[in-house]
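Student: how does the following fold in three dimensions:
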Amino acid sequence: MGLLYKDVTKVLNLDNDERLDASLKKIIGGLFSIISGMAELGNDLGDRHGKIKARNKVEKYHAILTVNCAKTFSEFIFSSYKKQGK
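Tutor: The predicted structure follows:
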């Protein structure tokens, strides 16, 4: 997941956009932590790799948080893509 995220940030010039102030750079940089955490959660608790670990179930409010983070991230990436006409 990390390599794909890095590729996307390079294509959309999110990794070194000089027009962004420090606060926005921190927010965008924080996206990597969110995506990394979501990938780890999916690996640890999901069944997409053919294994099921039922020892730690995700609470509904954690699931809502995760889905909303994914939605926000996706909207940001797609909006950046559209704005740049890529």
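Student: where are the low-confidence patches of the protein?
Tutor: 1-2, 46-56, 86 (pLDDT under 70).
Student: centroid-nearest residue for it?
Tutor: For the chain, residue 35 is the residue whose C-alpha lies nearest the centre (Cα atoms, centre = their mean; 3.1 Å).
Student: right, and it touches residue 74 too?
Tutor: No. Taking Cβ atoms under 8 Å as the definition, residue 35 is not a contact partner of residue 74, at 10.6 Å. From N, CA and C alone the C-beta is placed, and that goes for glycine too.
Student: name the element the residue nearest to the centre of the chain belongs to?
Tutor: Secondary structure from DSSP states H and E places residue 35 in helix 22-45.
Student: how about residue 19, secondary structure?
Tutor: coil (DSSP: H, G, I helix; E, B strand; the rest coil).
Student: that one and residue 13, how far apart?
Tutor: 9 Å (Cβ to Cβ, to the nearest Å).
Student: what helices or strands is whichever strand or helix holds residue 8 leaning on?
Tutor: Element membership for residue 8 (DSSP H and E) is helix 2-11. For helix 2-11, the elements it packs on are helix 22-45, judged by 3 or more Cβ pairs under 8 Å, 6 or more residues apart in numbering; DSSP states H and E.
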